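[1] return atomic coordinates for the entry below.
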Amino acid sequence: MGADNGIAIAYALALAEDASLAHPPMELLFTVDEETGLNGVKAMAADLVEGKRLINLDSEDEGIFTIGCAGGVDTRIAFRFDPAPPGKDCESFRISVGGLNRRHSGIDIHKQRANANRLLGRILARLGGRMALRLSSFAGGTRHNAIARDATAMVACEASQKG
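    The predicted model follows:
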């Protein structure tokens, strides 16, 4: 049983202490710093926990159990490209998607909220199908476990195509 907040820890300890409750053997794992990158478990040895099933208690509301994941992955993508300065007739501009509802990816993922990174990617793909765009930057989101509310891209195109 894993927990990262006070209510979940209290539930786990109450289950472990109450001899009147029937349950299989339990291992309790309490972590810290989950919201900023799962830092509390990054260096944990895999063989520290023997159980094959994990119940992740991750909710701030008493009486509500949130089904969550038991891990996370950070992905970095690198690729080669040939940078070249834009032509003389190019204009640079910023495209932004912003002000969306910020939501926690574990608690609100089922609500089908818009993700600014995905929306901006779709906008760029559609524009790129109509004109030659040069992408110079893309940034979006502020937390690894939140659905991005804002995203911005800097692009350039020939002035004659801008419109």
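[2] contacts, neighbours, all on C-alpha from now
    Will do.
[3] so L21, which of the three states?
    coil (DSSP: H, G, I helix; E, B strand; the rest coil).
[4] same deal with R126?
    helix.
[5] strands of the chain, start to end?
    Secondary structure of the chain (DSSP state E): strands at 2-3, 29-30, 56-57, 90-97, 103-104, 134-140, 146-147, 151-158.
[6] can you count the residues close to L133?
    By the criterion of other CA atoms under 10 Å, L133 has 20 neighbours.
[7] now it: how far from A159?
    The spacing between L133 and A159, counted by CA to CA, to the nearest Å, is 11 Å.
[8] where does the protein have low pLDDT?
    Across the chain, residues meeting the criterion (pLDDT under 70) sit at 1-5, 34-37, 58-75, 104-109, 162-163.
[9] ok, back up a step: mean neighbour count and distance to A43 added to the strands of the chain, as CSV?
    Output for these, formatted as CSV (neighbours: other CA atoms under 10 Å; distance: least, CA to CA, whole Å):
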stretch, mean neighbour count, distance to A43
strand 2-3, 20, 16
strand 29-30, 16, 14
strand 56-57, 21, 19
strand 90-97, 16, 36
strand 103-104, 16, 24
strand 134-140, 15, 28
strand 146-147, 22, 23
strand 151-158, 19, 32
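[10] make CSV from those and add distance to A125 to it.
    Conversion of the strands of the chain to CSV gives the following (distance: least, CA to CA, whole Å):
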stretch, distance to A125
strand 2-3, 40
strand 29-30, 43
strand 56-57, 37
strand 90-97, 12
strand 103-104, 25
strand 134-140, 11
strand 146-147, 20
strand 151-158, 12
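[11] that'll do, ta.
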